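Asks: I need the structure of the sequence given here:
(one chain, ligands or ions: 1)
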Amino acid sequence: MIDLSVQLGRLHLRNPILVASGTAGYGRELADYVDMALLGGFIPKTVTRHPRPGNPPPRTVETACGLLNAIGLDNDGWDYFWQHHWPHLQTLPTAVILNIAGKSEDEFVELAADVARRGVGLAALELNLSCPNVAGGLDFATDAERTRRIVRRCREVCPNLPLIAKLTPNVTDITVIAAAAAEGGADAVSAVNTYLGMAIDWRQRRPRLGNVTGGLSGPAIKPLALRAVWAIARRRIIPVIGVGGIATMDDVMEFLVAGASAVQIGTANFYDPSVACRLIQDLPAAIAQLGTSRVRDVIGTLQTPE
Ligand SMILES: Cc1cc2nc3c(=O)[nH]c(=O)nc-3n(C[C@H](O)[C@H](O)[C@H](O)COP(=O)(O)O)c2cc1C
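Replies: Prediction:
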């Protein structure tokens, strides 16, 4: 019997495989493909204070080995979420991690305080400090001081929920931002959100995305995300949730060995919506191949040359 459970700060998960925010709606969308009773956790699409129409189309473009998106945090806002999505989400037999984004630091704190007031059965709160597709500075995690402040203030107003800071890779040194999140009191960081990119139709001399630039995800970014996770994990700054291009059992195992305590599956859900469940079913055999019976014994065991 393989023990798949993992611990990230105060967050306990029955297994390390989660579905990433923005890639599977609010849970209903996966109902035909995913047995929620198997998943380590589910993270719904980012919710903001006010409804957002998102960016003008086209909002996604396929590139070689990757997906470029500029959705722009399209969502129906806070009140709608609690009225229409939460009643369903709270019935799911898995850890539900709410992902929020504020337009300002104060708005993050306001939303986190409201979560605490509602006292609902969430497993954790993920702060999306890293959406690259929104004008007006929502990419908070490019700045260490701001990251530390937002995490600290959210932790103060929402002390009882494990807090995860979702980081952007679009920085010089992600370990500095991870350290700031740890100092602010985060239980874990999710690394990474999408990499800034663009696609061009040269014949028309036009960008392919309505927003001109977007965020790159999928297999193309896996080696980049893997390095980011390893860089944070090797310094033992804070528990890391690896995300970026994960689609196969090898990908999952590489992230665990690199030091991720859990992983999120994002873009792969779009072309293979049952992938997360399959990976969970195959995980015990992969762990056993390393001669151990606990996933925890695999995390961060990468052997590097002296
Ligand atoms: C279409 C699309 C929408 C996304 N929306 C969100 C979002 O609302 N909130 C968020 O935190 N991340 C969002 N992400 C980022 C993913 O959660 C993930 O961090 C990123 O795509 C890298 O993982 P992947 O390569 O497995 O997709 C989105 C990604 C895609 C492709």
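Asks: which parts of this structure sit against the ligand?
Replies: By Cβ under 6 Å from any ligand atom, the residues of the chain that approach the ligand are 20-23, 45-46, 67, 69, 71, 73, 99, 128, 166, 193-194, 217-218, 221, 243-246, 265-267. The C-beta positions use only the backbone N, C-alpha and C, and glycine is treated the same way.
Asks: and the residue of the chain found nearest the ligand, how far is that from Val34?
Replies: Relative to the ligand, the nearest point of the chain is Gly22 (1.9 Å; Cβ to the nearest ligand atom). From Gly22 across to Val34, the span is 16 Å (Cβ to Cβ, to the nearest Å).
Asks: ok, Met1 next?
Replies: 23 Å.
Asks: so between these two, which is more surrounded?
Replies: Relative neighbour count places Val34 above the other of Met1 and Val34, with 24 against 5, counting by other Cβ atoms under 10 Å.
Asks: contact partners for that one?
Replies: Taking Cβ atoms under 8 Å, 6 or more residues apart in numbering as the criterion, Val34 is in contact with 19, 24, 273-274, 276-277.
Asks: what about the helices in the stretch 151-300 of the chain?
Replies: For the stretch 151-300 of the chain, applying DSSP state H, counting those that start in this stretch gives helices covering 174-184, 222-234, 249-258, 268-271, 275-289.
Asks: can you lay out those as a markdown table showing mean neighbour count and distance to Arg149?
Replies: Formatted as a markdown table, the helices of the stretch 151-300 of the chain follow (neighbours: other Cβ atoms under 10 Å; distance: least, Cβ to Cβ, whole Å):
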| stretch | mean neighbour count | distance to Arg149 |
| --- | --- | --- |
| helix 174-184 | 22 | 7 |
| helix 222-234 | 22 | 20 |
| helix 249-258 | 21 | 29 |
| helix 268-271 | 18 | 33 |
| helix 275-289 | 18 | 33 |
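Asks: so which of those helices gets nearest Ala144?
Replies: Evaluated over these, closeness to Ala144 peaks at helix 174-184, with 3.9 Å, by Cβ to Cβ.
Asks: and the contacts of the closest one?
Replies: Helix 174-184 is contacted by residues 141-142, 144-145, 147-152, 155, 165, 167-168, 171, 189, 191-192, 228, 231-232, 235, 237-238, 240 when judged by Cβ under 8 Å, 6+ apart.
Asks: cool, stretch 112-126 as well?
Replies: Contact partners of stretch 112-126, identified using Cβ under 8 Å, 6+ apart, comprise 11, 13, 21, 41, 43, 78, 82, 86, 90, 95-100, 127, 153-154, 157-166, 187, 190.
Asks: give me the subset of those residues lying in strands.
Replies: Among those, DSSP state E puts 11, 13, 41, 97-100, 127, 163-166, 190 in strands.
Asks: need the residues you listed in a markdown table with neighbour count and pLDDT, can you?
Replies: Below are the ones in strands among the contacts of stretch 112-126 laid out as a markdown table (neighbours: other Cβ atoms under 10 Å; pLDDT from 0 to 100):
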| residue | neighbour count | pLDDT |
| --- | --- | --- |
| Leu11 | 22 | 98 |
| Leu13 | 24 | 98 |
| Gly41 | 25 | 98 |
| Ile97 | 25 | 98 |
| Leu98 | 24 | 98 |
| Asn99 | 20 | 98 |
| Ile100 | 23 | 97 |
| Leu127 | 31 | 97 |
| Leu163 | 25 | 98 |
| Ile164 | 30 | 98 |
| Ala165 | 31 | 98 |
| Lys166 | 28 | 98 |
| Ser190 | 32 | 98 |
